[in-house]
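# Predicted model follows, preceded by the sequence.
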Amino acid sequence: MTDATLVTNGSADTTADTMAASPQGGRRHRRRYSQLSRADKVWLSLMVGIPTVIHIMFVWVPTLGTVALSFTKWDGIKLGSWEAVGFKNYWAIFTIFDPKFFPALFNNLILLVFLGGCSTVGILFAYLLDKGVRGSAIYQSVFYLPVVLSLAVVGFIWKSVMFSQSQGLFNLGRDKPIDFVGNSERLFTFHIPFLDSPLGLTKNFAALLVAMAWRHIGYVMVLYLAGLKSVDPSLREAASIDGCNEWQSFRRVVFPVMKPINVVVLVITVIEALRAFDIIVALKEPVGTTVLGVLVKKNLTGEGGGQVGLGSAYGVILLLLCLGFIIWYLFNNYRESES
Amino acid sequence: MSDQTEHSPHPRDVGFSINRRQMLAGASALSLAAFLAACGSDEKSAPDTTAAPTTTAAASPDSTAPVGSTAPAPSGDTVTFGSNYSDDKPKQAIQAAIDSTGLNVKVNTTDHNSFQDNITNYLAQPDDVLCWFSGYRMRFFADKGLIGDISDVWDGLGDFNDSFKSASTGNDGKQYFVPFYYYPWAVHYRKSVFADKGYEVPTNKAELVALATKMQADGLIPFAYANDGKWPVQGTFDIINMRTNGYQYHIDLLAGKESWTDDRTKATFAAWAELLPFHQENPNGRTWQEAATALENKEAGMYFLGTFVATNSTDQAYLDDLDFFNFPELDSAVGADALDAPIDGFMMAADPKNLEGAKALLSGLGSAEAIDAFLAIEGASVAASSAADTSGYNKIQAKSAELVGAAKNIAQFLDRDTSPDFVSNVIGDAFASFVADPSQVDSILSGIEEQKSTYLG
């Protein structure tokens, strides 16, 4: 407990220092700005302005464009041929396409929880390897190997090498091969009152989760291992002198010190869970494995181009989910540094 | 094939094997054409054909090139041609076909998957003549005014039978398409298996069920089955629906004019559910290549697929043993005279820069000479033109021609007979759910009907 207060105090002190220093610092900055030469100003505004323009052009214009398109019906053929339909696309998603939308949303949620679990396992592995297990370099390379592959490639590998009914490793020597990729039966279901169909985890999505874990655990492990290497050993010594057991010294000393890495791991986990779609597309989008990203892609791209309004509406929903997370995260961070 | 997600495959996508002699003959034909082109006035098309010369030296001794040597020098104003024949051999084949028209053509080649995926953007600024396939999608573009009426070209095309003409006709009764070649869907089997076990080719439902039951008793899976990518079972639906309700109902249903909850549609699914136990289990997680292997290894007795079924096999004994028959009739009142046989061909831009040239090119490509030149190199598909030279056909080509020639109506496969976004967003998942659990048919069909309005109409 003492160590924890020590650590927290430490960080609070630094914050306090910066806070105290900032008014003066501000004044100093202002004075420096006025000393800028004309050329400096031009350069500065170019250096700030160009990225800003690029950012607005390629991030905010498309984003707002998507939001605008989500209120239209458009087949994507001729610019200007769109017609405004108000909230009809959203209405369609929640009434007509609810058997597609809610399972997809639920799959994203499962992914979030599951990848969170994988991150924990990755952290555990990293911690164990950091203890100096014999042959840790070998373990590291073995676990890290899948991370070199893109998630789509991971999908191809698992599909043909592991899951295939005729030659898959998991089906070798079975009389009745298991259909890992195609079986959309649910492992568990539950009913939500206002939904027509029950939600649940399908068997093929569960199989996909295993393939994703294969990659995600190694990713988190290496990130965390790098962080652990930089933790000052004297902190742990102090903890053990104070009589902390292994769990306490991790929970109360190492974990808080690792905050920057923890944030990276959290962000990566959430991003992977929300954007996961390449592995599903690589497996050719079997029934039961749909996530939101797949719904966006299928309505927007491809031969028809087809339903730009509907696809954009799915995109906006995904955007709101991401924004929700970002706002929650920024808010928390801001409040922490305030206090 | 792995990047083909939602589309039925295509002979040239799955890479029909071409023997070395054909390849060399083609290469030399092409290099001759390239030489002639270089001598002629057309400087622009020369770069497209320069791929050939490296093989010329090797090819010339046994050159049997029928085409290049007779290709006339290009003439007239340049016509642009949007090609999706992006692989080497088809690219050479289409070039040979174009050269046979003797016109001054500039070929713009796009990767065939990108071409298909970007077709709507492409049609905003198309080439004068472009590659496409017959069916709903062609008619849809015609309705939108994105492609040009070529009825007057058809006045000069005498070599196509009526089924090809109707497959080239838009909703307004005008022609928008020139057919080039096709491949049919049929029930494939090994002759040796049928001979060993004394099986007979079935011609009606009772015989089909009896044969399948017998196969099961003999330890064979009657029908190999796969649905990876969600398009293969669409072929089963097509044929059962056409056998149960006839061609016109099938086309109307896919165009959104009939209801998916109609009793006739339900009858199709009932027939499908009845035949489903004779199919290989768990199709959703199996690729068509794996199912084809089951047929090759004599684990399965039959496989209903396009004639590209043996593409992956190099075993000549198997290829010689392979045969196919038309899917038997299920209802004697409906018969068995309709089938899926996707046709590929060409369309004209709505407003081509060189109208005369575009029409001349289209009628040239509709001639027997063009398809002969094409098949001399590509050697796998079947010519749409009835005047084409069939003497070089192999057994499968010859039989395909016979099968389709006898058909009264030709459907184009589900994803070409209706809106592709409807197929990829609704039908694919619905059919996959059906083959996984046929008892859910009612909720599946009402789901399709409910979601249909967003995509069709």
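Great, that's in hand. Numbers count the residues shown, from 1 in each chain, chains lettered A, B, ... in the order given.
# what separates the residue nearest the centre of chain A from chain B, distance-wise?
Centroid-nearest residue in chain A: residue A:271, 1.5 Å away (criterion: Cα atoms, centre = their mean). Residue A:271 is 24 Å from chain B, where distance means Cβ to the nearest Cβ, to the nearest Å. The C-beta positions use only the backbone N, C-alpha and C, and glycine is treated the same way.
# So that residue lies in a strand, does it not?
No. Assessed with DSSP: H, G, I helix; E, B strand; the rest coil, residue A:271 is helix; it does not lie in a strand.
# Spell out which residues of the stretch 151-300 of chain B are next to chain A.
For the stretch 151-300 of chain B, the contact set with chain A under Cβ under 8 Å from any Cβ of the partner chain comprises B:227-230, B:281-286, B:290, B:293-294.
# need the helices for the stretch 151-300 of chain B, in chain order.
Under the criterion DSSP state H, counting those that start in this stretch, the stretch 151-300 of chain B contains helices at B:151-155, B:162-167, B:191-197, B:205-217, B:232-254, B:263-275, B:288-296.
# Which among the ones you listed is found nearest to residue B:329?
Residue B:329 lies closest, by Cβ to Cβ, to one member of the helices of the stretch 151-300 of chain B: helix B:232-254, at 6.0 Å.
# list the helices and strands that closest one packs on?
strand B:185-190, helix B:263-275, strand B:300-306, strand B:338-340, strand B:409-411, helix B:414-417, helix B:428-436 (3 or more Cβ pairs under 8 Å, 6 or more residues apart in numbering or on different chains; DSSP states H and E).
# re earlier: buried subset of the residues of the stretch 151-300 of chain B next to chain A, written for PyMOL?
The PyMOL command for the buried members of these (criterion: 16 or more other Cβ atoms under 10 Å in any protein chain shown) is given here:
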select buried, chain B and resi 227+228+229+230+282+283+284+285+286+290+293+294
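# would CSV of the residues of the stretch 151-300 of chain B next to chain A with distance to residue B:339 and pLDDT be doable?
Output for these, formatted as CSV (distance: Cβ to Cβ, whole Å; pLDDT from 0 to 100):
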residue, distance to residue B:339, pLDDT
B:227, 20, 93
B:228, 23, 88
B:229, 21, 85
B:230, 21, 89
B:281, 26, 92
B:282, 27, 91
B:283, 21, 93
B:284, 25, 92
B:285, 28, 88
B:286, 24, 91
B:290, 24, 90
B:293, 25, 92
B:294, 23, 93
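# Near the residue nearest to residue B:456 when sequence neighbours are not counted, how many other residues are there?
Nearest non-adjacent residue to residue B:456, counting by Cβ to Cβ, 6 or more residues apart in numbering or on different chains: residue B:256, 3.5 Å away. Neighbour count for residue B:256, taken as other Cβ atoms under 10 Å in any protein chain shown: 17.
# so residue B:256 sits right up against residue B:452, yeah?
Yes. Contact criterion Cβ atoms under 8 Å: residue B:256 and residue B:452 qualify, at 6.1 Å.
# Next to chain A in this structure, residues from the stretch 301-450 of chain B, please.
B:419, B:420, B:421, B:424, B:425, B:428, B:429, B:432, B:433, B:436, B:447, B:450.
# re the thing from before, nearest to residue A:218 among the helices and strands packed on helix B:232-254 would be which one?
When the helices and strands packed on helix B:232-254 are compared by Cβ to Cβ, helix B:428-436 sits nearest residue A:218, at 32.1 Å.
# Now do the helix or strand that the closest one is followed by and helix B:263-275, the angle between them.
Next helix or strand after helix B:428-436 toward the C-terminus (DSSP states H and E): helix B:441-455. In terms of direction (axes from the mean of the first three to the mean of the last three Cα atoms, to 10 degrees), helix B:441-455 departs from helix B:263-275 by 130 degrees.
# What helices and strands are in contact with helix B:441-455?
Helix B:441-455 packs on helix B:263-275, helix B:420-422, helix B:428-436, going by 3+ Cβ pairs under 8 Å, 6+ apart.
# quick one: contacts of that helix?
Contacts with helix B:441-455, where a contact means Cβ atoms under 8 Å, 6 or more residues apart in numbering or on different chains, come from A:92, A:96-97, A:99, A:306-307, A:310, B:256, B:259-261, B:265-266, B:269-270, B:273, B:419, B:421-422, B:425-427, B:430, B:433-434.
# Generate a PyMOL selection restricted to the buried subset of the residues you listed.
Of these, the buried ones go into a single PyMOL selection, burial set by 16+ other Cβ under 10 Å:
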select buried, (chain A and resi 92+96+97+99+306+307+310) or (chain B and resi 256+260+265+269+419+421+422+425+426+427+430+433+434)
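# Might you list the low-confidence residue ranges for chain B?
Applying pLDDT under 70 to chain B flags residues B:1-76, B:379-380, B:457.
# do the stretch 201-339 of chain A as well
Short version for the stretch 201-339 of chain A, where the test is pLDDT under 70: A:302-305, A:339.
# Which single residue of it approaches chain B most closely?
Chain B sits closest to residue A:306 of the stretch 201-339 of chain A, with a gap of 3.0 Å, by Cβ to the nearest Cβ.
# who in chain A is up against chain B?
Going by Cβ under 8 Å from any Cβ, the residues of chain A near chain B are A:75-78, A:92, A:96-97, A:99-100, A:156, A:163-166, A:177, A:179-185, A:204, A:281, A:284-287, A:290, A:298-299, A:301-307, A:310.
# Which members of the residues of the stretch 301-450 of chain B next to chain A are the farthest-apart pair?
B:419 and B:436 (24.3 Å).
# Could I get the full set of strands for the stretch 101-250 of chain A?
Residue ranges of the strands in the stretch 101-250 of chain A, as given by DSSP state E, counting those that start in this stretch, are A:186-190, A:199-202.
# Neighbours of residue A:112, how many?
Other residues lying near residue A:112 total 18 when counted by other Cβ under 10 Å.
# Oh, that last question was meant for residue B:211, not what I typed.
Other residues close to residue B:211 by other Cβ under 10 Å number 22.
# try residue A:40
Around residue A:40 there are 11 residues (other Cβ under 10 Å).
# Which strand or helix spans it?
Going by DSSP H and E, residue A:40 is in helix A:38-55.
# Repeat that for residue B:396.
Here residue B:396 is assigned to helix B:395-406, by DSSP H and E.
# Was I right to think residue A:81 contacts residue A:74?
Yes. Residue A:81 is within contact range of residue A:74, at 6.6 Å (criterion: Cβ under 8 Å).
# between those two, who's got more neighbours?
residue A:74 (22 against 12).
# Who's the closest spatial neighbour of the more buried one, skipping the chain neighbours?
Leaving out its chain neighbours, the residue that sits closest to residue A:74 by Cβ to Cβ, 6+ apart is residue A:82, at 3.7 Å.
# so who does residue B:339 touch?
By Cβ under 8 Å, 6+ apart, the contact set of residue B:339 is B:184, B:185, B:186, B:239, B:242, B:326, B:327, B:403, B:404, B:407, B:410, B:411.
# count of neighbours near the third one?
The one in question is residue B:186. Residues near residue B:186, counting by other Cβ under 10 Å, number 26.
# my guess is it meets residue B:303, correct?
No. Counting by Cβ under 8 Å, no contact exists between residue B:186 and residue B:303, whose distance comes to 9.7 Å.
# Skipping its backbone neighbours, what lies nearest whichever residue of the stretch 1-150 of chain A sits closest to chain B in space?
In the stretch 1-150 of chain A, the residue that lies nearest chain B is residue A:77 (4.8 Å; Cβ to the nearest Cβ). Spatial nearest neighbour of residue A:77, chain neighbours left out: residue B:120 (4.8 Å); criterion: Cβ to Cβ, 6+ apart.
# circling back: nearest to residue A:120 among the residues of the stretch 151-300 of chain B next to chain A?
Checking those one by one against residue A:120 (Cβ to Cβ), the nearest turns out to be residue B:285, at 30.3 Å.
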